[in-house]
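Asker: Sequence first, predicted model second:
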Amino acid sequence: MIEAKILEKTCEAVKTLYGYVLNPDSIGLENTKKEIAGDFTIVVFSLLKISRKSPEATATDIGTFLQLNMPEIASFNVIKGFLNLVLSDAFWMNFLVQNSLTPGYGCQPVRDERPVVLEYSSPNTNKPLHLGHIRNNLLGFSLAEILKANGHNVVKVNLVNDRGIHICKSMLAYMKWGNNETPASTGIKGDHLIGKYYVLFDRHYKEEIQELVEKGIPKEEAERRAPLIVEAQEVLRRWEARDPETTELWKMMNGWAYEGFDLTYKRLGVDFDHIYYESETYLLGKDLVMEGLAKGALVRKEDGSIWADLTNEGLDEKLLLRADGTSVYMTQDLGTAQLRYDDYRPESMIYVVGNEQNYHFDVLKRVLARLGKEYSDHIFHLSYGMVELPEGKMKSREGTVVDADDLMEEMFQTAEETTRELGKANELSGEDALVLFNTISLGALKYFILKVDPKKNMMFDPKESIDFNGNTGPFIQYTYARIQSLLKKAATAGHLPENAKISPVQALLPAEKDALKRMYNFREAVAQAGKEMSPAIIANYAFDLAKGFNQFYQEMPVLKEEDMDKVNLRICISKFTGDIIRRSMNLLGIDVPERM
RNA sequence: GGCCCUGUAGUUCAAUGGAUAGAACGGAAGUUUCCUAAACUUUAAAUCUGGGUUCGAUUCCCGGUGGGGCUACCA
């Protein structure tokens, strides 16, 4: 790691020049800006108190010392308090040789055998997946890939919310108006069929409420007393009592949902190592609560209900067990956290869940801490923002939800149209063309979502997402395909030996050097992304790299036979750029086609 | 009311406390004998507001203000 060496030598310089022992962490070291000559920049302003000299003089002192004591540093320049270090061509050549021969470029070896348990997706079985789930799934899957590259074992888990009042609503509607239809009899995908009944329930429920309100009953009361909701609650009671008929229907309808989800997951390219079902875990957590009560970490109120009093931590009181002994969502989540910990003994547990549950996870961690669970410090809520549409927020009742399956299909069709218009698919067989359209359309969707900082709410404009120009997945895929094509051509022309040797080129073209720097930076970005857990960093680097390659290519002069040395070097750079683009796309879970 | 997140070109997004705040789309003007124009070049255009900390603030702190979320004995 050259940065570490620069820091170490800088400390040495400060000690030699000014007789002061410096902490390496206090030095500002960064990548030099693109427009300025240099590779790394030391910001010396913070050293002025020690040197008691002007910024320029201090930077020059240190630069001179470093140049004398580090063979990797070819030269330096000083602009105000910025010391820009220029690394030698030999360093970059060596970097290229070393890394172009390393298969797992940018990867770290496994550092901890204990896994990271990563929960994502977590669907409800009463309706199909929508755009919000897509953001969740893509973030979860990408994060898993990035964590793996950073030396973690990852267990991807999905907690399916397969019980509760919502599925009972769909079941009730099906009993009333279903006519025994099935996905097979209707040709409707299972999850969509269930969604249909959920919507049907909601419509009739609304009508009932309206009727009651017209009779002069207050709205809240009407919502509680409407016959349909009362009946749905009865279904839930029967389910909890394990009534055979109800259980049978529940199993059948959930089966439909799973079949549908599997297709959606498969198309999106995400998967799981283990699936937890809430129907099997919803009773967990009571023991933990009773244990906590015995330890005095929790309190029992007069009516018998049990609470966590978090008022001294700036939060409210949180109910954990009702007076009748039944549990709530939080109780259940305490239980599943413990179950997950017992199952895997993980180094950490990550939950990819939307930011509307920030408070929930805050409380979850605090309660676990009170219960003496040291693993609560290793729970991380990857909270992501909502996906908004140009027309406003997604509301299922107003029909403004973007369905995941519909969206992928639309993207596919647009990819096909655009590609055919440009004549890119003319030479492809029917099957190859379908694979290509699928790769491009999903690349567009995934990249569009992942390039945005997860924390922020984002705007999803379907029209813009299928634009294949600019900072988009297809642009990066296209660049990669071009590189592959270039390499193929070089190989057939005999310019690409088995292990392309790098010849002793004395001076790199500026664009070549820039290309190498981008690669170096990318490796750092991967390491950083592990810490920051941000696919957005990887995504934006991938674009930067793709754009850089295109510029590099434009700058490349026409090559002649006698320039074989340079040909080899450029082939190596192209190959390496291609490797990194593929790698970054893989980290994000985006496929790249060999040709377009 | 309280708590959390957020406010950057016309739009969608970037920017470990650093240099002239970057891209992309859209607008204006150009470029194709090389591998593939799904590309490249040039150009106009932005940090919500008022304080504070700092050699230096889009970034950190405090106040205001716009947007979003949470504040259920739902999950």
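Answerer: Received the coordinates, thanks. Worth saying up front: this structure is predicted, and the values here are computed from it rather than measured.
Asker: now the end-to-end length of stretch A:179-197.
Answerer: 12 Å (CA to CA, to the nearest Å).
Asker: do stretch A:384-391 as well
Answerer: First residue to last in stretch A:384-391 (CA to CA) measures 21 Å.
Asker: Residues contacting that stretch, please?
Answerer: The contact list for stretch A:384-391 (CB atoms under 8 Å, 6 or more residues apart in numbering) reads A:131-132, A:134-136, A:139, A:352, A:354-356, A:393-394, A:400, A:402, A:449, A:454-461. Placement of C-beta: from N, CA and C, glycine included.
Asker: Show me the subset of those residues that also lies near RNA strand B.
Answerer: Subset of these in contact with RNA strand B: A:355-356, A:393, A:455-459, A:461, counting by CB under 7 Å from any atom of the strand.
Asker: quick one: low-confidence ranges for chain A?
Answerer: Low-confidence segments of chain A, defined by pLDDT under 70: A:392-400, A:495-508, A:558-565.
Asker: What segments of it are strands?
Answerer: A:28-31, A:40-43, A:73-79, A:82-87, A:112-119, A:152-160, A:274-277, A:299-300, A:306-309, A:317-321, A:348-354, A:379-384, A:387-388, A:458-459 (DSSP state E).
Asker: Would you format those strands as CSV with mean neighbour count included?
Answerer: Listed next are the strands of chain A as CSV, based on neighbours: other CB atoms under 10 Å:
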stretch, mean neighbour count
strand A:28-31, 14
strand A:40-43, 21
strand A:73-79, 17
strand A:82-87, 23
strand A:112-119, 19
strand A:152-160, 21
strand A:274-277, 16
strand A:299-300, 13
strand A:306-309, 19
strand A:317-321, 19
strand A:348-354, 22
strand A:379-384, 20
strand A:387-388, 18
strand A:458-459, 14
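Asker: re the thing from before, turn the ones next to RNA strand B among the contacts of stretch A:384-391 into a markdown table, including distance to A:Glu302.
Answerer: Shown next, in a markdown table, are those (distance: CB to CB, whole Å):
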| residue | distance to A:Glu302 |
| --- | --- |
| A:Asn355 | 36 |
| A:Glu356 | 32 |
| A:Lys393 | 41 |
| A:Lys455 | 42 |
| A:Lys456 | 45 |
| A:Asn457 | 42 |
| A:Met458 | 47 |
| A:Met459 | 50 |
| A:Asp461 | 54 |
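Asker: okay, now A:Pro454: neighbour count?
Answerer: By the criterion of other CB atoms under 10 Å, A:Pro454 has 23 neighbours.
Asker: Skipping adjacent residues, who's closest to it in space?
Answerer: A:Tyr384 (4.3 Å; CB to CB, 6 or more residues apart in numbering).
Asker: go on, A:Val402?
Answerer: Nearest one to A:Val402, counting by CB to CB, 6+ apart, is A:Leu131 at 4.1 Å.
Asker: residues contacting that neighbour?
Answerer: Contact partners of A:Leu131, counting by CB under 8 Å, 6+ apart, are A:387, A:394, A:401-404, A:407, A:460.
Asker: what about 10 Å?
Answerer: With contact set as CB atoms under 10 Å, 6 or more residues apart in numbering, A:Leu131 has these partners: A:386-389, A:394, A:401-404, A:406-407, A:445, A:449, A:460, A:462.
Asker: Select only the buried ones of those in PyMOL?
Answerer: Applying 16 or more other CB atoms under 10 Å to these, the buried members can be selected in PyMOL as follows:
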select buried, chain A and resi 386+387+389+394+401+402+403+404+407+445+449+460+462
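Asker: And the contacts of A:Leu131, which two are furthest apart?
Answerer: A:Met386 and A:Asp406 (19.2 Å; CB to CB).
Asker: How about the residues of the stretch 301-450 of chain A by RNA strand B?
Answerer: A:301, A:303, A:305, A:314, A:316, A:319, A:322-324, A:328-329, A:332, A:355-360, A:385-386, A:393, A:415, A:418-419, A:422, A:424, A:440.
Asker: and if we set it to 6 Å?
Answerer: Listed as neighbours of RNA strand B in the stretch 301-450 of chain A under the rule CB under 6 Å from any atom of the strand: A:303, A:305, A:316, A:319, A:322-323, A:328-329, A:355-360, A:386, A:393, A:418-419, A:422, A:424, A:440.
Asker: The closest residue in space to A:Ala542 that isn't next to it in sequence and A:Leu96: what is the separation?
Answerer: Nearest non-adjacent residue to A:Ala542, counting by CB to CB, 6+ apart: A:Ser584, 4.0 Å away. Applying CB to CB, to the nearest Å, the value for A:Ser584 to A:Leu96 is 18 Å.
Asker: before we move on, what about A:Glu8?
Answerer: Distance from A:Glu8 to A:Leu96, by CB to CB: 24 Å.
Asker: Same question for A:Leu516.
Answerer: A:Leu516 is 6 Å from A:Leu96, by CB to CB.
Asker: What of A:Asp191?
Answerer: Separation of A:Asp191 from A:Leu96 (CB to CB) stands at 49 Å.
Asker: now do A:Gly81
Answerer: 32 Å.
Asker: These two: which is more packed in?
Answerer: Set A:Gly81 next to A:Leu96 and count neighbours by other CB under 10 Å: A:Leu96 wins out with 22 against 19.
Asker: OK, contacts around the more buried one?
Answerer: A:502, A:508, A:512, A:515-516, A:519-520, A:569, A:572-573, A:575-576.
Asker: Quickly note the distance from it to RNA strand B.
Answerer: 17 Å (CB to the nearest atom of the strand, to the nearest Å).
Asker: Reformat the contacts of A:Leu96 as JSON lines; add neighbour count and distance to RNA strand B.
Answerer: Below are the contacts of A:Leu96 laid out as JSON lines (neighbours: other CB atoms under 10 Å; distance: CB to the nearest atom of the strand, whole Å):
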{"residue": "A:Ile502", "neighbour count": "17", "distance to RNA strand B": "18"}
{"residue": "A:Leu508", "neighbour count": "18", "distance to RNA strand B": "17"}
{"residue": "A:Glu512", "neighbour count": "22", "distance to RNA strand B": "13"}
{"residue": "A:Ala515", "neighbour count": "26", "distance to RNA strand B": "12"}
{"residue": "A:Leu516", "neighbour count": "24", "distance to RNA strand B": "16"}
{"residue": "A:Met519", "neighbour count": "23", "distance to RNA strand B": "16"}
{"residue": "A:Tyr520", "neighbour count": "19", "distance to RNA strand B": "15"}
{"residue": "A:Leu569", "neighbour count": "22", "distance to RNA strand B": "13"}
{"residue": "A:Cys572", "neighbour count": "22", "distance to RNA strand B": "13"}
{"residue": "A:Ile573", "neighbour count": "25", "distance to RNA strand B": "10"}
{"residue": "A:Lys575", "neighbour count": "19", "distance to RNA strand B": "11"}
{"residue": "A:Phe576", "neighbour count": "19", "distance to RNA strand B": "13"}
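Asker: Which ones among those residues map onto helices?
Answerer: A:512, A:515-516, A:519-520, A:569, A:572-573, A:575-576 (DSSP state H).
Asker: Including distance to A:Asn469, could the residues you listed go into a markdown table?
Answerer: Output for these, formatted as a markdown table (distance: CB to CB, whole Å):
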| residue | distance to A:Asn469 |
| --- | --- |
| A:Glu512 | 26 |
| A:Ala515 | 22 |
| A:Leu516 | 27 |
| A:Met519 | 25 |
| A:Tyr520 | 28 |
| A:Leu569 | 31 |
| A:Cys572 | 29 |
| A:Ile573 | 25 |
| A:Lys575 | 26 |
| A:Phe576 | 26 |
